[in-house]
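**Q** okay, here's the prediction I keep looking at, along with the sequence it came from:
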Amino acid sequence: MMASPSLPSAKMRGDRVARFNLLAAAALMMVTGVMLVLFQLHALQGALGRSLQVHAAMLATPVADALRRQDRLAAEQLLAPLAGAPAIEQALVYTPYGLPFARFARSGNDIAPAAPVHGMHFAWGDGNATLLARLPDGGALLLRSSLAPLYRSLMQSATFTALVSLFAFCVAVLMVRRTRRAAQQAENHLHYLAHVDSVTELPNRHEFNEAMAYALARADRQDSSVGLLLLDLDNFKIVNDTLGHHCGDHLLKLVARRLVAVLRITDVICRIGGDEFVVIVEPADDASEMASVARKILAVLAEPFALDGHQLHVSASIGVSLYPFDARDVATLTRNADTAMYHAKHQGKNRYAVFKADMELRAQRRLRVEANLRRALQDQELYLHYQPQVDLRSGRIVGVEALLRWNCRELGPMNPAEFIAVAEESGVIVELGRWVLHTACRQAATWCKAGLLDSLEHVAVNLSASQVREPGLMDDIRAILHETQLPRGLLELEITEGVMMDDVPANVELMRRLQETGIHLSIDDFGTGYSSMSYLKRLPIDQLKIDRSFVHDLPGEGEAIVTAIIAMAHSLKLKVVAEGVETPQQVEFLRRAGCDNVQGFYFARPMTAAQLTALLLERRDWSSRTVMTV
C-alpha cells in the first residue's frame with residue numbers, strides 16, 4: 001500500500017513564514033530598544049543640563065559680588081562646595097574681559113578651557129559637558145561635568161532594555177513554535193482527510209488520481225506500462241441493510257487488510273468510494289500479469305469473513321485496463337476498467353474481465369439505450385404485445401400475457417431483454433412497470449366491456465424486482481384498477497422466483513395483500529430461483545410458470561424436472577403454465593404430464609392488441625394442436 005505522502009512545499013512555506021515573522025519581531029524589538037536608549041539618552045542629557053543650570057543659578061549672585069570686590073579668595077570659597085557634586089569636575093569664574101579669576105578643579109591636571117562659548121555644550125568624545133553662564137554684572141561662570149554617570153545610567157538602561165527585548169524575543173520564538181506546531185498538526189490532519197479514506201486508512205479517490213497521474217508520467221519516461229484493477233464488492237448493500245453500516249464499515253476494513261496482505265508493497269491500493277477499490281500495478285507487462293493479480297484478489301476474498309458472530313462470504317467483480325494500450329489518460333483508463341468491471345458483473349459476478357474495445361461500444365450503447373428509454377416514456381414510443389395462453393384440455397385461450405415492446409426512433413426495434421435490463425439498472429423500471437400495468441389493464445377492460453374475455457381467466461402482467469420493493473405498489477395497483485374499472489379477478493401479476501426469494505417474509509406479506517384484493521398471483525421462471533418446499537407452501541399463489549429453459553429440453557433431459565414441477569404444483573393445488581412451447585412433441589409431453597396451460601410460438605407469437613382482438617372475436621378452438629395426431 002502506498003504510504004500517505006507529505007507536503008514538503010507547504011511545510012517549507014510555513015517555515016519561511018515563521019522565520020520571517022521571527023526576524024520581523026527581532027528587528028522591531030531592536031528598533032524599539034534603540035529608540036528607548038535614545039530617549040533615555042535625551043532624558044539624561046536634559047537632566048544633566050538642568051542640574052548644571054541649577055548650580056550656576058545658585059552661584060551666580062555671590063560669585064558676581066566676589067568678582068565685583070575682586071575678592072579671589074571669597075570666589076574660590078564659594079566654588080569649593082562643588083566638591084560635593086561628584087559629577088562636576090571643574091568650575092571657573094571669568095572676568096568681563098575673559099580672564100580666569102577664580103577656579104575649582106577636582107584634579108590639578110584639569111586645564112581651563114580657552115575662549116569658551118556661552119551656553120550648554122556636550123563633548124561626547126571627551127566625555128564631558130560644559131555650561132558657560134553669564135554673571136549679572138559681567139563676567140561668566142563655567143561649570144564642566146563628567147559624562148561618566150550619564151554613560152553608566154545609559155548603559156544600565158540599555159542593558160535592561162536588551163534583557164527585556166531578549167526575553168520578549170524568546171517568548172515570541174516559543175509562541176511561534178507552538179503556533180507552527182499546531183498549524184503543522186492541523187495541516188497534517190487536513191492532508192489526512194484530503195488524501196486518506198477514514199474507514200480503511202487506504203488512499204482515497206483524490207490520492208488515487210494523483211498517484212495514477214504520477215504513474216502514467218513515469219511510464220512515459222521509462223517506456224513502460226501501468227495496470228489498473230477496479231474491483232466492486234458483490235451484494236455489499238445486503239450487508240449494510242441486514243447487519244447495519246457499522247458492520248459494513250468493519251467488513252471494508254477487513255477487505256482492505258486482505259488486499260494489503262496479498263499484494264506487493266509497490267502496488268497502490270485505494271478505496272475510491274462505497275465498496276469500490278482500485279489497485280495500480282506498475283510496471284505491468286501485459287494483460288496476463290494483470291489477470292494473475294485479479295485471480296489472486298478473488299482467491300483471497302473467497303475465504304469467509306468473521307464479523308460479529310457471522311461468517312460472511314464476499315466476492316468481487318474486477319475490471320482490468322492497461323496503459324497505454326487501453327487509454328492515454330487517467331479518466332479514460334478508469335472508465336475502461338469500470339466498464340470491464342460491469343461486464344464481469346453481468347457475466348455472473350465473482351470474476352474479472354479484461355477491457356476490450358467492444359465493451360466500450362456496449363457501454364456507449366447502454367447509455368444511448370437509457371437516454372432513449374427515458375424519452376420513449378414521454379413520447380409514447382412503447383407499446384404492448386399480447387401472447388395467448390391455451391388450455392391443453394379444452395384447446396381454448398384462457399389467458400394472455402402482456403409483453404413490453406419498443407421500436408426506438410434512433411436504434412430501431414429493441415430486444416426486450418436488453419432494454420428491460422437497462423431499465424432495472426437505471427431505476428426507470430418502476431415508472432416503466434407502472435405504464436405497462438396501466439396500459440394492460442386499460443386494454444383488458446376494453447376487451448371485457450366488449451364481451452371478449454368470457455373464456456379468459458386472467459390477463460398477466462410481470463412485476464419487476466424494483467416494483468416489488470416499491471412501497472407504493474399497492475396504492476398504484478388499486479388506483480389503476482379503479483381508473484380502468486377492470487374486474488380484479490381478471491388481473492394476474494407474475495413475479496419471478498428469484499425476486500420472490502430475495503426477501504421472502506416481505507414478499508409473502510405483499511402477496512397476501514394482493515390476493516386479499518382479489519388479484520391472481522403467479523411465480524414466473526420457476527425452477528431457476530432456488531426456492532424450497534417450505535417456502536413454496538407458504539406463498540399465497542395460484543400458479544407456477546415453468547421456465548422456457550426446461551421446456552426447451554423436452555422431450556429429453558428436461559423431462560424429469562418438468563414432471564416433478566407439475567406433480568409438486570398439483571399437490572399444492574396450483575395450476576401450471578409452460579412457456580416457450582414451440583413443437584408438437586413438447587405439447588404432447590406436457591399434456592401427458594398433466595400441465596394445465598401452455599404458451600409459445602407453436603400456438604401464437606406475441607401480437608398487437610388489434611390482432612388479439614381479432615383472434616378473440618374468432619373464438620378459435622386450439623384442440624387440434626393440443627393433441628398429437630398419430
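**A** Received the coordinates, thanks.
**Q** for the rest of this, base every contact and every neighbour count on C-alpha atoms.
**A** Will do.
**Q** a helix runs through Arg605, doesn't it?
**A** No: the assignment for Arg605, made by DSSP: H, G, I helix; E, B strand; the rest coil, is coil rather than a helix.
**Q** quick check: it touching Gln387?
**A** Yes: using Cα atoms under 8 Å as the test, Arg605 is close enough to Gln387 to be in contact (6.1 Å).
**Q** report pLDDT for the residue positioned nearest the centre of the chain.
**A** By Cα atoms, centre = their mean, the chain has its centre lying nearest to Gly273, at 6.4 Å. Predicted confidence (pLDDT) at Gly273: the value is 84.
**Q** mind checking how far it is from Asp249?
**A** Noted for Gly273: a distance of 12 Å to Asp249, by Cα to Cα, to the nearest Å.
**Q** ditto for Val226
**A** For Val226, the distance to Asp249 - Cα to Cα - is 30 Å.
**Q** ditto for Leu612
**A** From Leu612 over to Asp249 the distance is 55 Å, taken as Cα to Cα.
**Q** what about the helices in the stretch 101-250 of the chain?
**A** Per DSSP state H, counting those that start in this stretch, the stretch 101-250 of the chain has helices spanning 148-195, 205-222, 236-243, 245-262. These are given in chain order.
**Q** pipe those helices into CSV and attach distance to Phe20 per row.
**A** Supplementary listing: the helices of the stretch 101-250 of the chain in CSV, determined by distance: least, Cα to Cα, whole Å:
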stretch, distance to Phe20
helix 148-195, 11
helix 205-222, 32
helix 236-243, 53
helix 245-262, 44
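**Q** nearest to Arg538, out of those?
**A** Across the helices of the stretch 101-250 of the chain, Arg538 has its closest neighbour in helix 236-243 (22.7 Å, Cα to Cα).
**Q** next, the buried residues of the closest one.
**A** Of the residues in helix 236-243, those buried by neighbour count under the rule 16 or more other Cα atoms under 10 Å are 236, 239.
**Q** residues in contact with it: which ones?
**A** Under the contact criterion Cα atoms under 8 Å, 6 or more residues apart in numbering, helix 236-243 has outside partners 245-248, 275, 314.
**Q** same question, stretch 404-416
**A** Counting by Cα under 8 Å, 6+ apart, 369, 372, 376, 381-385, 436 sit against stretch 404-416.
**Q** strands - which of those residues land there?
**A** Members of these lying in strands (criterion: DSSP state E): 382-385.
**Q** can you name the two of those that are farthest apart?
**A** Largest separation among those by Cα to Cα: Leu382 and His385, giving 10.2 Å.
**Q** what's the burial count for the closest residue to Leu251 other than its chain neighbours?
**A** In space, not counting the residues next to it along the chain, Leu251 is nearest to Leu307; the distance is 7.2 Å by Cα to Cα, 6 or more residues apart in numbering. Leu307: 14 surrounding residues under other Cα atoms under 10 Å.
**Q** beta partners for Leu307?
**A** Per DSSP bridges, residues listed as beta-bridge partners of Leu307: His310.
**Q** and stretch 268-285, what's buried?
**A** Taking 16+ other Cα under 10 Å as the basis for neighbour counts, the residues of stretch 268-285 that come out buried are 268-272, 275-284.
**Q** ok, now stretch 415-427?
**A** Neighbour count says stretch 415-427 has 419-420, 422-424 buried, by 16+ other Cα under 10 Å.
**Q** now, which of these lie within strands?
**A** If you go by DSSP E, these have nothing in strands.
**Q** quick one: which of these sit in helices?
**A** In helices, defined here by DSSP state H, the members of these are 419-420, 422-424.
**Q** how far away is Ala569 from Gln586?
**A** Where Gln586 is concerned, Ala569 sits at a distance of 19 Å (Cα to Cα).
**Q** does Thr517 touch Arg488 like I think?
**A** Yes: look at Thr517 against Arg488 with Cα under 8 Å: they come within range, at 7.3 Å.
**Q** so where's the stretch 101-250 of the chain uncertain?
**A** Scanning the stretch 101-250 of the chain for pLDDT under 70 picks out the ranges 108-115, 189-193.
**Q** low-confidence regions, the stretch 501-630 of the chain specifically.
**A** Going by pLDDT under 70, which is the cut-off in play, the stretch 501-630 of the chain has low-confidence ranges at 502, 527-535, 626-630.
**Q** any chance you could map the helices in it?
**A** Using DSSP H, counting those that start in this stretch, helices in the stretch 501-630 of the chain cover 504-517, 533-536, 548-551, 559-571, 584-593, 609-618, 623-626.
**Q** still on that earlier bit, and Ala569 and Gln586? which has more neighbours close in?
**A** Gln586 (23 against 20).
**Q** how far away is that one from Gly600?
**A** Look at Gln586 and Gly600: by Cα to Cα, they are 11 Å apart.
**Q** got any residues that touch both of these two?
**A** Once Cα under 8 Å, 6+ apart is applied, it turns out that Gln586 and Gly600 contact no residue in common.
**Q** looking at Thr517 and Arg488, which one has more neighbours?
**A** Neighbours per residue (other Cα under 10 Å) separate Thr517 from Arg488, with Arg488 holding more: 19 against 14.
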